[in-house]
Structures are given as structure tokens and as C-alpha cells.
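Engineer: sharing a sequence plus its predicted fold:
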Amino acid sequence: MTIDWWTLGLQAINAIVLVWLLGRFFWRPVSAMITARRDEVARTLAEADSARAATAAARAEIARTRDGFAAERSAVLAAAEAEAAQARAALLAQATQDAAALRAAGESAAREAAAATTAEWEARSGRLAVDIAGRLVARLDSAALSAAFLDGLVAALAALPDSTRHLASDGGLELVSAAPLDATARATCSNRLAAALGTQPALAFRDDPALLAGLELHGPHFAIRNSWRADLDRILADLGHAGT
């Protein structure tokens, strides 16, 4: 077998030219296309990664927003509950205060009503006592009654301290009777009082039906009440103290 070197050389040249042509007009564009495609794919992947990161960030932001909404909702509910509790406490305190005020007002009204009733019955009792005393006085011996009251008045005058009786003898005296005294009764009263004082005082006479019965002696520094009116006043005062 013989080798045709010319043919082999031409084939080699053809191969070299083909390789050059392929490298010049095929492999470079293809490589550029592959490189461009690879870069585009890399960009796409980078964009996808960026999109995934943005999506993750958006999801995280949504989660934070949702958590914030939940926290805000919890805070709003807690604030509303606290405000409602304060409102309930305020209403309860106001209701308690109103109830206490109503109770106090009721107790005060009850006390006032009881006091008014007591005062009314005391007034009725006083009027009844005065009426009874007046009827009894009308049945009694006026002369004996006047003498008894005069004895009591003289005894009360004699029981006064010496200094008071001395001042009474120096000043003017007024003898008040339930009914007008005649001349004889006035003389008797004047003599009895002079005997108790040890001197004859300047004595004036006055009548006051409100006394019902009895005598009262008024001086500048003292007053001796020996009448049924005075006794009734003392009895009513004692009843009032006993009621309280």
C-alpha cells in the first residue's frame, strides 16, 4: 500500500481550513450564544432568587403585620376591658353612694317624722294637761289654793341665800298671780313676803291667766315660780328628756 502524500496533504489542509472555518464562523458564535445564554440563565436565576427573597421578605412583613394586628387587637381588647372594668367600678361606687344617700335621706326623713310626731304628741299632751289643770283649778277652793301656793312661795323665798334676799329687799318686786287679787289677798301676800325678807319691799301686783294657778315672784336678780304653769313646764321638760 502506498501513501499519496499530496492527497493526504490536501486532506490535512482541508481539515485545517474546515477547523478554522468552524472556529471562525461556528464555534465562536455558538460559544458566544452559549455564554449569552448562560449569562441570561444566571440573570434569570438571580432574578428568581431576588424574587424569592422579596417574596420571603413580603411574607415576613405580612407575618409581622399580622402579629402587629394581633398585638394591637389584644391591646385594644385589654384597654376596652380595663375601661369597662373602670366603668363598672365607677357605676358600682355611684350606685353605692346613691344607695347610702337614699338610706341616709330615708333615715333622716324617718327621724324628722318621728320628731314631728313626738312634738305633735307633746304639744297635744301639753294642751291636754293645761285643759285638765284648768278644769281641776275650776273645781278647787281658790282661797285654799292661793294660801297653799303662797306658803310655797314664801318657803322658796326664805330658802334663798341671805345676799339674794338682801338684794331683793333693796329692789322692787313683782307678784304675778293667775287671777287678780283683792285687797285682802294683796295685804296678806305683802305681809308674808315682808316677814320672809325682814323688811317691807316695794311690791307690784300683776295677773297672768297663763299661770293657771299659783304665784310667781320676780325681782331684779331672781324669779321664783310656784304655779301650775311652771309645774307643767317642768313635767313636759322631764318627759322630753326621758323621750330622748
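Structural biologist: Received it, and whenever you're ready, just let me know what you need.
Engineer: beta-bridge partners for Ala202, please?
Structural biologist: Counting by DSSP bridges, Ala202 forms beta bridges with Gly172.
Engineer: so it sits right up against Glu174, yeah?
Structural biologist: No: using C-beta atoms under 8 Å, Ala202 is not in contact with Glu174; the gap is 9.7 Å. Bear in mind the C-beta positions are built from the backbone N, C-alpha and C, glycine included.
Engineer: the more surrounded of those two?
Structural biologist: The residue with more neighbours, out of Ala202 and Glu174, is Glu174; 15 against 10, by other C-beta atoms under 10 Å.
Engineer: let's test this: mean pLDDT of the biggest helix by length in the chain, rounded?
Structural biologist: Using DSSP state H to define each element, the chain has its longest helix at helix 28-139. Average pLDDT, helix 28-139: 77.
Engineer: which elements pack onto it?
Structural biologist: Here helix 28-139 touches helix 228-243, going by 3 or more C-beta pairs under 8 Å, 6 or more residues apart in numbering; DSSP states H and E.
Engineer: list the buried residues for stretch 6-22?
Structural biologist: Within stretch 6-22, no residue is scored as buried using 16 or more other C-beta atoms under 10 Å.
Engineer: what's in contact with the host helix or strand of Leu193?
Structural biologist: Following DSSP states H and E, one finds Leu193 within helix 183-197. Outside of helix 183-197, the residues within contact range by C-beta atoms under 8 Å, 6 or more residues apart in numbering are 146, 150, 154, 157-158, 165, 168-169, 173, 175, 181, 200-201, 203, 205, 215, 217.
Engineer: gap between it and the chain center?
Structural biologist: Helix 183-197 sits 66 Å away from the centroid of its parent chain (C-alpha atoms, centre = their mean, to the nearest Å).
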